[in-house]
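**Q** next input, structure requested:
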Amino acid sequence: MLDNPRHIPPIDESSLRYEGWRIVAVCFLLATFGWGFGFYGQSVYVAELQRARGWPASLISSGTTFFYLFGALLVVFVGEAVRKYGPRLSLLAGTLAMAAAAVALGAVREPWQLYLADAVLAFGWAGTSLAMITNTISLWFDERRGMAISLALNGASFGGIAGVPLLVALIGHVGFAGAMYAAAGAMLVLLVPVILLLVGRPPDRHGWHATATARPQSSTEIRAWALRDVGFLTVTIAFALVLFAQVGFIVHLISFLDPVIGRERAAVAVAVLTAMAVVGRVLFSLVIDRLNQRLASALSFLSQAAALLAVINLHNDYVLIAACAVFGFSVGNLITLPSLIVQQEFDSAAFGVLISLNTAINQVTYAFGPGVVGFLRDLSGGYTLPFYLCIALEVMAAALIMVRGKPRLSGTTRA
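**A** You can find the predicted model right below:
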């Protein structure tokens, strides 16, 4: 009774009437625009600005690297923003920042303006991507959190499958600037009313909103503790290594496959990989809350390593496409699993800060993946060396993720 000073009716998270599923729908839509503009859209921006302005690819790509690194710095504070300002205002701020970034990118005329636009885009990415979505959903879900996050993050894949082709088609009709302005307008028209109407106050699961008196640990204290904790470090480093390998491989996939099986079948392989990411995330969502999530992560890492081994050594068209399918099956889950392990092993009061820190470290790491893979490719004259490096990182991560510490935060209460 001391821990639960007033009776709170039980919450049935499995009920379709539960308001949390409306939050999942909002986050799906948010992820669609967030990844469409912030992640997959980068390839469109590089191509269009290079064509329209004649700037070197290295100049534009360095803007992308700046975007990822600055965004990672901002992501660290997402948990605090949600806790201080609430999910509705935080989601609105992320939406407005992403729309402003789209307008800014359409208006770019000088290189310095590109970096300014990428800075605004970093704010939008922090407010519409993984850390924001997991922090928001965690306020409504506990037992079904894995399924809820998995379903919401299918919007990320949808942003790549549908959003980018639509953006490219729109550019063909009204030009790059016009397309970016129109896309920003669509984001505001679709997301702002939905957030205002559907995102309210999260449920008070423990009756502590009005009665808690113990001083919680500050975000700074939580981060300092986490960076010394074995359990948190093994989760964070393992996923950082895997995402470094994963992003590096995917960015260079068409360049690798083009001379081997041709551009058309290379495009098919990428499409299969993306589709399997959706399939894997949906199927995993049905059982993910009941799995040993560290073991599931390790097996996912090893499956990607095996797929990479096949890609390097077997150059049959169908085998390569099948290997891309195997690789893609776990792609979507690798952005879901860290939050579930953090939820399972660490104090609930620290979830927002910890998952934001984890996401930021991962983002800083994978930002360098494409560059390192490209450098090693140029150095060695082929993709064998960099892809074997990716395999080594996946195997190292599979071993590291199985090392579990004894995470406890003094001064917090585990729900």
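**Q** grab the nearest non-local neighbour of residue 329.
**A** Closest residue to residue 329 apart from its sequence neighbours, by Cβ to Cβ, 6 or more residues apart in numbering: residue 280 at 3.9 Å. In this view, the C-beta of every residue, glycine as well, is placed from N, C-alpha and C.
**Q** what's in contact with the one helix or strand that neighbour maps to?
**A** Following DSSP states H and E, one finds residue 280 within helix 263-285. Residues from elsewhere that reach helix 263-285 (Cβ atoms under 8 Å, 6 or more residues apart in numbering): 146-147, 150-151, 153-154, 157-158, 160-161, 250, 253-254, 257-258, 260-261, 296, 317, 320-321, 324-333, 336.
**Q** change it to 6 Å
**A** Here helix 263-285 makes contact (Cβ atoms under 6 Å, 6 or more residues apart in numbering) with 147, 150-151, 154, 157, 160, 253-254, 257-258, 317, 321, 324-325, 328-333.
**Q** if we can go back for a sec, measure the residue nearest to residue 329 to residue 246 for me?
**A** As judged by Cβ to Cβ, to the nearest Å, residue 280 and residue 246 stand 13 Å apart.
**Q** how about the contacts made by residue 351?
**A** Applying Cβ under 6 Å, 6+ apart, the residues contacting residue 351 are residue 138.
**Q** number of residues surrounding residue 109?
**A** Using other Cβ atoms under 10 Å, residue 109 has 10 neighbouring residues.
**Q** any idea how far the helix holding residue 280 is from the chain center?
**A** The chain centroid and the centroid of helix 263-285 are separated by 17 Å under Cα atoms, centre = their mean, to the nearest Å.
**Q** same question, stretch 376-386
**A** Distance, centroid of stretch 376-386 to centroid of chain: 27 Å (Cα atoms, centre = their mean).
**Q** how about residue 141, nearest residue that isn't a chain neighbour?
**A** Leaving out its chain neighbours, the residue that sits closest to residue 141 by Cβ to Cβ, 6+ apart is residue 148, at 4.5 Å.
**Q** which stretch of helix or strand covers that neighbour?
**A** helix 145-158.
**Q** list only those of the contacts of helix 263-285 flagged as buried.
**A** 147, 150-151, 154, 157, 160, 253, 257, 321, 324-325, 328-333 (16 or more other Cβ atoms under 10 Å).
**Q** in the helix or strand just after the helix holding residue 148, what counts as buried?
**A** Using DSSP H and E, the helix or strand that follows helix 145-158 in sequence is helix 164-198. For helix 164-198, burial by neighbour count (16+ other Cβ under 10 Å) applies to 164, 167, 170-171, 176-177, 179-184, 187-188, 191, 194-195.
**Q** what does stretch 109-125 give?
**A** Applying 16+ other Cβ under 10 Å to stretch 109-125 flags 111, 114-125 as buried.
**Q** now swap in stretch 42-51 and tell me
**A** Neighbour-count burial for stretch 42-51 flags 42, 44-46, 48-49 (criterion: 16+ other Cβ under 10 Å).
**Q** from those residues, which land in strands?
**A** Using DSSP state E, no member of the buried residues of stretch 42-51 sits in strands.
**Q** save those as CSV, and put in pLDDT too.
**A** Listed next are the buried residues of stretch 42-51 as CSV, based on pLDDT from 0 to 100:
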residue, pLDDT
42, 78
44, 79
45, 81
46, 74
48, 81
49, 82
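**Q** perfect, that will be all.
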